[in-house]
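Visitor: structure for the following, please:
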Amino acid sequence: MQDVDGRPVVLVTGVGRRVGIGAAIAEQLARDGWDVATCHWAPYDDRMPWGRQEEDAERIQELLRAAGARSTAVPADLSRPEAPAEVFDAVEAALGPVTGLVVAHCESVDSSILDTSVDSFDRHVAVNARATWLLVAELARRFPPEAVGRGRIVAITSDHVVHNLPYGASKGAMDRIVLAAARELEHLRLTANVVNPGPVDTGWMDEALLREAVGRNPRGRAGRPQDTADLVSFLLSERGGWVNGQLLHSDGGWRS
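Guide: Presented below is the predicted three-dimensional model:
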(Lines give C-alpha, C1' and ligand atoms only; values in the text may rest on other atoms or scores of the structure.)
Protein backbone atom coordinates (compact mmCIF):
# COMPACT_ATOMS: atom_id res chain seq x y z
CA MET A 1 0.00 0.00 0.00
CA GLN A 2 1.78 3.13 -1.24
CA ASP A 3 2.06 6.09 1.12
CA VAL A 4 1.54 9.58 -0.26
CA ASP A 5 5.10 10.47 0.72
CA GLY A 6 6.74 7.19 -0.32
CA ARG A 7 6.75 3.66 1.06
CA PRO A 8 4.79 3.22 4.31
CA VAL A 9 6.40 1.39 7.24
CA VAL A 10 5.18 -1.93 8.63
CA LEU A 11 6.45 -3.75 11.71
CA VAL A 12 6.32 -7.55 11.52
CA THR A 13 7.09 -9.45 14.72
CA GLY A 14 8.30 -13.05 14.93
CA VAL A 15 10.73 -12.88 12.00
CA GLY A 16 13.68 -14.94 13.16
CA ARG A 17 13.64 -17.94 10.83
CA ARG A 18 13.78 -17.87 7.06
CA VAL A 19 11.21 -20.69 6.81
CA GLY A 20 8.73 -19.06 9.20
CA ILE A 21 5.38 -17.38 8.57
CA GLY A 22 6.73 -14.03 9.75
CA ALA A 23 9.55 -14.07 7.20
CA ALA A 24 7.16 -14.93 4.35
CA ILE A 25 4.89 -12.06 5.37
CA ALA A 26 7.78 -9.60 5.65
CA GLU A 27 9.14 -10.53 2.22
CA GLN A 28 5.71 -10.29 0.59
CA LEU A 29 5.06 -6.86 2.11
CA ALA A 30 8.44 -5.65 0.88
CA ARG A 31 7.42 -6.71 -2.63
CA ASP A 32 4.10 -4.92 -2.12
CA GLY A 33 5.78 -1.58 -1.50
CA TRP A 34 6.23 -1.39 2.27
CA ASP A 35 9.40 -0.55 4.13
CA VAL A 36 9.69 -3.39 6.63
CA ALA A 37 10.90 -3.51 10.22
CA THR A 38 11.20 -6.95 11.78
CA CYS A 39 11.39 -8.13 15.36
CA HIS A 40 12.82 -11.44 16.57
CA TRP A 41 14.17 -13.15 19.68
CA ALA A 42 16.85 -15.77 18.95
CA PRO A 43 16.88 -17.34 22.46
CA TYR A 44 13.29 -18.52 21.87
CA ASP A 45 14.20 -20.42 18.70
CA ASP A 46 17.34 -21.74 20.38
CA ARG A 47 15.28 -23.55 23.02
CA MET A 48 12.79 -24.97 20.51
CA PRO A 49 13.44 -28.38 18.92
CA TRP A 50 13.58 -26.93 15.40
CA GLY A 51 16.40 -24.51 16.25
CA ARG A 52 17.50 -21.82 13.79
CA GLN A 53 20.16 -20.96 11.26
CA GLU A 54 22.61 -18.31 12.45
CA GLU A 55 22.52 -16.52 9.11
CA ASP A 56 18.71 -16.32 8.86
CA ALA A 57 18.24 -12.86 10.40
CA GLU A 58 20.72 -11.20 8.06
CA ARG A 59 19.53 -13.21 5.06
CA ILE A 60 15.96 -12.02 5.66
CA GLN A 61 17.17 -8.41 5.72
CA GLU A 62 19.02 -8.95 2.44
CA LEU A 63 15.86 -10.30 0.81
CA LEU A 64 13.80 -7.35 2.03
CA ARG A 65 16.30 -4.89 0.62
CA ALA A 66 16.49 -6.79 -2.65
CA ALA A 67 12.72 -6.30 -2.94
CA GLY A 68 13.25 -2.53 -2.72
CA ALA A 69 12.43 -2.03 0.96
CA ARG A 70 14.33 -0.13 3.56
CA SER A 71 14.55 -2.49 6.50
CA THR A 72 15.73 -2.90 10.04
CA ALA A 73 15.79 -5.88 12.43
CA VAL A 74 15.20 -5.37 16.15
CA PRO A 75 15.95 -8.16 18.67
CA ALA A 76 13.37 -8.02 21.46
CA ASP A 77 12.29 -10.17 24.37
CA LEU A 78 8.56 -9.45 24.25
CA SER A 79 8.03 -11.03 27.66
CA ARG A 80 9.38 -7.73 29.03
CA PRO A 81 6.68 -5.05 29.40
CA GLU A 82 9.14 -2.40 28.24
CA ALA A 83 10.01 -4.19 24.99
CA PRO A 84 7.14 -2.99 22.71
CA ALA A 85 7.92 0.68 23.31
CA GLU A 86 11.63 0.00 22.81
CA VAL A 87 10.89 -1.74 19.52
CA PHE A 88 8.85 1.21 18.26
CA ASP A 89 11.59 3.62 19.33
CA ALA A 90 14.15 1.66 17.31
CA VAL A 91 11.92 1.31 14.25
CA GLU A 92 10.97 4.98 14.19
CA ALA A 93 14.62 6.00 14.49
CA ALA A 94 15.57 3.76 11.55
CA LEU A 95 12.59 4.00 9.20
CA GLY A 96 10.08 6.55 10.48
CA PRO A 97 6.49 6.30 11.76
CA VAL A 98 4.80 2.90 11.66
CA THR A 99 1.37 2.57 10.03
CA GLY A 100 1.17 -1.23 9.70
CA LEU A 101 1.56 -3.89 12.39
CA VAL A 102 1.65 -7.64 11.81
CA VAL A 103 1.84 -9.73 14.98
CA ALA A 104 3.41 -13.06 14.00
CA HIS A 105 5.50 -13.84 17.10
CA CYS A 106 4.55 -16.38 19.73
CA GLU A 107 5.53 -18.36 22.76
CA SER A 108 4.53 -21.98 22.12
CA VAL A 109 5.47 -24.84 24.42
CA ASP A 110 3.20 -27.89 24.31
CA SER A 111 1.59 -28.76 27.64
CA SER A 112 -1.82 -29.77 28.94
CA ILE A 113 -4.25 -28.81 31.71
CA LEU A 114 -2.58 -31.10 34.23
CA ASP A 115 1.08 -30.44 33.42
CA THR A 116 1.25 -26.74 32.54
CA SER A 117 3.23 -24.76 35.11
CA VAL A 118 2.13 -21.35 36.35
CA ASP A 119 5.40 -19.86 35.11
CA SER A 120 4.84 -21.26 31.62
CA PHE A 121 1.24 -20.07 31.51
CA ASP A 122 2.25 -16.59 32.63
CA ARG A 123 5.02 -16.40 30.02
CA HIS A 124 2.62 -17.40 27.24
CA VAL A 125 0.16 -14.72 28.31
CA ALA A 126 2.94 -12.13 28.56
CA VAL A 127 4.35 -12.84 25.10
CA ASN A 128 1.23 -13.73 23.12
CA ALA A 129 -1.43 -11.51 24.69
CA ARG A 130 0.15 -8.74 26.75
CA ALA A 131 2.85 -7.91 24.21
CA THR A 132 0.22 -7.75 21.46
CA TRP A 133 -1.84 -5.31 23.52
CA LEU A 134 1.22 -3.14 24.16
CA LEU A 135 2.30 -3.20 20.50
CA VAL A 136 -1.17 -2.19 19.36
CA ALA A 137 -1.24 0.57 21.97
CA GLU A 138 2.14 1.91 20.83
CA LEU A 139 0.95 1.94 17.21
CA ALA A 140 -2.13 3.92 18.21
CA ARG A 141 -0.31 6.43 20.42
CA ARG A 142 2.33 7.17 17.79
CA PHE A 143 0.12 6.99 14.70
CA PRO A 144 0.90 9.86 12.29
CA PRO A 145 -2.14 12.12 11.75
CA GLU A 146 -1.51 12.30 8.01
CA ALA A 147 -1.93 8.51 7.73
CA VAL A 148 -5.37 8.28 9.38
CA GLY A 149 -7.49 5.92 7.32
CA ARG A 150 -4.56 3.89 6.05
CA GLY A 151 -3.46 1.98 9.15
CA ARG A 152 -3.51 -1.80 9.29
CA ILE A 153 -3.21 -4.39 12.07
CA VAL A 154 -3.16 -8.15 11.47
CA ALA A 155 -2.39 -10.83 14.06
CA ILE A 156 -1.69 -14.52 13.40
CA THR A 157 -3.59 -16.83 15.73
CA SER A 158 -4.39 -20.47 16.44
CA ASP A 159 -7.25 -22.39 18.04
CA HIS A 160 -5.04 -25.31 19.07
CA VAL A 161 -5.71 -25.61 22.82
CA VAL A 162 -6.01 -29.37 23.50
CA HIS A 163 -2.63 -30.49 24.92
CA ASN A 164 -1.43 -26.97 24.08
CA LEU A 165 -3.22 -25.11 26.85
CA PRO A 166 -1.09 -22.01 27.48
CA TYR A 167 -0.52 -21.37 23.78
CA GLY A 168 -4.16 -21.71 22.75
CA ALA A 169 -5.52 -19.83 25.75
CA SER A 170 -3.14 -16.90 25.29
CA LYS A 171 -3.83 -16.78 21.55
CA GLY A 172 -7.55 -16.62 22.32
CA ALA A 173 -6.91 -13.60 24.52
CA MET A 174 -4.82 -12.05 21.77
CA ASP A 175 -7.70 -12.45 19.31
CA ARG A 176 -10.04 -10.45 21.53
CA ILE A 177 -7.51 -7.65 21.97
CA VAL A 178 -6.95 -7.23 18.23
CA LEU A 179 -10.63 -7.42 17.35
CA ALA A 180 -11.36 -4.78 20.02
CA ALA A 181 -8.87 -2.48 18.31
CA ALA A 182 -11.09 -2.37 15.23
CA ARG A 183 -13.68 -0.50 17.32
CA GLU A 184 -11.67 1.22 20.04
CA LEU A 185 -9.28 2.79 17.53
CA GLU A 186 -11.95 3.91 15.10
CA HIS A 187 -10.72 7.51 15.43
CA LEU A 188 -7.70 6.34 13.41
CA ARG A 189 -9.91 4.69 10.77
CA LEU A 190 -7.55 1.69 10.70
CA THR A 191 -8.43 -1.95 10.19
CA ALA A 192 -7.65 -4.73 12.67
CA ASN A 193 -8.07 -8.40 11.78
CA VAL A 194 -6.92 -11.83 12.93
CA VAL A 195 -5.86 -14.70 10.65
CA ASN A 196 -5.94 -18.37 11.67
CA PRO A 197 -3.82 -20.26 9.11
CA GLY A 198 -4.26 -23.73 10.60
CA PRO A 199 -1.25 -26.09 10.57
CA VAL A 200 1.56 -24.59 8.51
CA ASP A 201 4.74 -26.48 7.66
CA THR A 202 7.55 -24.24 8.92
CA GLY A 203 9.96 -27.02 9.78
CA TRP A 204 8.36 -28.17 13.04
CA MET A 205 6.39 -31.07 11.54
CA ASP A 206 7.95 -34.52 11.46
CA GLU A 207 7.00 -36.89 8.65
CA ALA A 208 4.07 -38.38 10.57
CA LEU A 209 2.59 -34.96 11.37
CA LEU A 210 3.06 -33.81 7.82
CA ARG A 211 1.23 -36.88 6.48
CA GLU A 212 -1.60 -36.26 8.94
CA ALA A 213 -1.86 -32.60 7.92
CA VAL A 214 -2.01 -33.56 4.25
CA GLY A 215 -4.58 -36.28 4.91
CA ARG A 216 -6.90 -33.97 6.86
CA ASN A 217 -6.90 -31.15 4.33
CA PRO A 218 -9.22 -31.33 1.31
CA ARG A 219 -6.63 -29.44 -0.73
CA GLY A 220 -4.30 -32.41 -0.35
CA ARG A 221 -1.34 -30.58 1.16
CA ALA A 222 -0.21 -28.84 4.32
CA GLY A 223 -0.30 -25.09 4.71
CA ARG A 224 2.68 -23.08 3.51
CA PRO A 225 3.97 -19.77 4.90
CA GLN A 226 3.21 -18.04 1.60
CA ASP A 227 -0.48 -18.98 1.95
CA THR A 228 -0.66 -16.81 5.05
CA ALA A 229 1.50 -14.09 3.51
CA ASP A 230 -0.87 -13.79 0.55
CA LEU A 231 -3.87 -13.11 2.79
CA VAL A 232 -1.97 -10.68 5.00
CA SER A 233 -0.81 -8.88 1.85
CA PHE A 234 -4.44 -8.40 0.82
CA LEU A 235 -5.53 -7.23 4.27
CA LEU A 236 -2.76 -4.62 4.36
CA SER A 237 -3.58 -3.36 0.88
CA GLU A 238 -6.09 -0.69 -0.11
CA ARG A 239 -8.23 -3.45 -1.65
CA GLY A 240 -8.47 -5.13 1.76
CA GLY A 241 -9.58 -1.99 3.55
CA TRP A 242 -13.24 -3.00 3.89
CA VAL A 243 -12.38 -6.15 5.86
CA ASN A 244 -12.29 -5.10 9.50
CA GLY A 245 -12.78 -6.68 12.92
CA GLN A 246 -12.73 -10.21 11.51
CA LEU A 247 -11.18 -13.53 12.51
CA LEU A 248 -10.45 -15.18 9.18
CA HIS A 249 -9.69 -18.88 8.68
CA SER A 250 -7.25 -19.41 5.83
CA ASP A 251 -6.44 -23.09 6.19
CA GLY A 252 -7.51 -24.80 2.96
CA GLY A 253 -10.56 -26.31 4.70
CA TRP A 254 -8.52 -28.10 7.40
CA ARG A 255 -10.59 -30.73 9.29
CA SER A 256 -9.68 -30.43 12.99
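
Visitor: in contact with the closest residue to Gly149 other than its chain neighbours, which residues?
Guide: Spatially, and ignoring its direct neighbours in sequence, Gly149 is nearest to Arg189 (4.1 Å; C-beta to C-beta, 6 or more residues apart in numbering). For glycine as for every other residue, the C-beta is placed from the backbone atoms N, C-alpha and C. Neighbouring residues of Arg189 by C-beta atoms under 8 Å, 6 or more residues apart in numbering: 148-149, 151.

Visitor: which one of these is nearest to Gly22?
Guide: Nearest to Gly22 out of the contacts of Arg189 is Gly151 (C-beta to C-beta; 19.6 Å).

Visitor: hmm, the closest one is touching Pro145, no?
Guide: No: with contact defined as C-beta atoms under 8 Å, Gly151 does not reach Pro145; the gap is 11.3 Å.

Visitor: quick one: which of the two has more around it?
Guide: With neighbours defined as other C-beta atoms under 10 Å, Gly151 and Pro145 compare such that Gly151 has more, 23 against 7.

Visitor: for the more buried one, give me its contacts.
Guide: Counted by C-beta under 8 Å, 6+ apart, Gly151 has contacts 99-100, 139, 143, 185, 188-191.

Visitor: distance of it relative to Ala93?
Guide: Gly151 sits 20 Å away from Ala93, taking C-beta to C-beta, to the nearest Å as the criterion.

Visitor: next: Ser112.
Guide: Relative to Ala93, Ser112 is positioned 43 Å away (C-beta to C-beta).

Visitor: between these two, which one's more packed in?
Guide: Neighbours were counted for Ser112 and for Ala93 using other C-beta under 10 Å; Ser112 has more, 12 against 9.

Visitor: and that one, that's in a helix?
Guide: No: with DSSP: H, G, I helix; E, B strand; the rest coil as the criterion, Ser112 is located in coil rather than a helix.

Visitor: and the closest residue to it other than its chain neighbours, how many neighbours does it have?
Guide: Computed as C-beta to C-beta, 6+ apart, the closest residue to Ser112 that is not its neighbour in sequence is His163, at 4.8 Å. Neighbourhood size, His163 [other C-beta under 10 Å]: 13.

Visitor: any weak-confidence spans in this structure?
Guide: Flagging of the chain using pLDDT under 70 yields the residue ranges 1-5, 256.

Visitor: which single helix of it contains the most residues?
Guide: helix 165-184 (DSSP state H).

Visitor: and the next helix or strand past that one?
Guide: Reading on from helix 165-184 to the C-terminus, the next helix or strand found by DSSP states H and E is strand 191-196.

Visitor: give me the helices and strands touching that next one, please.
Guide: Applying 3 or more C-beta pairs under 8 Å, 6 or more residues apart in numbering; DSSP states H and E, one finds that strand 191-196 contacts strand 152-156, helix 165-184, helix 225-236, strand 247-249.

Visitor: so that strand versus helix 225-236, what angle?
Guide: Orientation of strand 191-196 against helix 225-236 (axes from the mean of the first three to the mean of the last three C-alpha atoms, to 10 degrees) gives an angle of 160 degrees.

Visitor: could I get the buried residue list for the helix or strand just after strand 191-196?
Guide: Next along the chain after strand 191-196, taking DSSP H and E as the criterion, comes helix 207-215. Going by neighbour count (16 or more other C-beta atoms under 10 Å), the buried part of helix 207-215 is Ala213.

Visitor: ditto for stretch 36-53
Guide: Residues 36-41, 44-45, 52 are the ones in stretch 36-53 that count as buried (16+ other C-beta under 10 Å).

Visitor: out of those residues, which sit inside helices?
Guide: Among those, the members falling in helices (DSSP H) are 44-45.
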